[in-house]
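*Asks:* Kindly return the folded structure for what I paste below:
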Amino acid sequence: MEIKITSAKENPLLKRKEVTFIIDHGPAGKTPGRLEVRKALASEAKTSTELVFVRKIETKTGTSTALGFANVYESTEQARLVEPEYIEQRNNPKPKEEAKE
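*Replies:* Coordinates of the predicted model:
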């Protein structure tokens, strides 16, 4: 998987950077998961994974590339104030509970 940030726009009012990116996941690979993309974006933006929230990943039909949008916040408190709860849950999934026997 290769990730490239195509644009990064500062939003001082919401204290975040709005990022557009392209992922090249190869012809044999499938679209990468949100958590994998989140880690790659955090390393690309040189920030913590907790400050990156992936909003959307969309694979172009018939290609091995995907377009995506993410927000990179200055602090986790600001992210909790701004991001909707469903986006937070998608980016921070709870560990699966082990099956009870």
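
*Asks:* Next, the distance between the ends of stretch 42-60.
*Replies:* Stretch 42-60 stretches 23 Å from its first residue to its last (Cα to Cα, to the nearest Å).

*Asks:* Tell me the buried residues in that stretch?
*Replies:* Of all the residues in stretch 42-60, those buried under the rule 16 or more other Cβ atoms under 10 Å are 42, 44-45, 51-55, 57, 59. Every C-beta, even on glycine, is put in place using the N, C-alpha and C of the backbone.

*Asks:* From these, which land in helices?
*Replies:* Among the buried residues of stretch 42-60, the members falling in helices (DSSP state H) are 42, 44-45.

*Asks:* Serialize the residues you listed to JSON lines and add fields for distance to residue 12 and pLDDT.
*Replies:* Formatted as JSON lines, those follow (distance: Cβ to Cβ, whole Å; pLDDT from 0 to 100):
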{"residue": "42", "distance to residue 12": "21", "pLDDT": "92"}
{"residue": "44", "distance to residue 12": "21", "pLDDT": "89"}
{"residue": "45", "distance to residue 12": "17", "pLDDT": "87"}
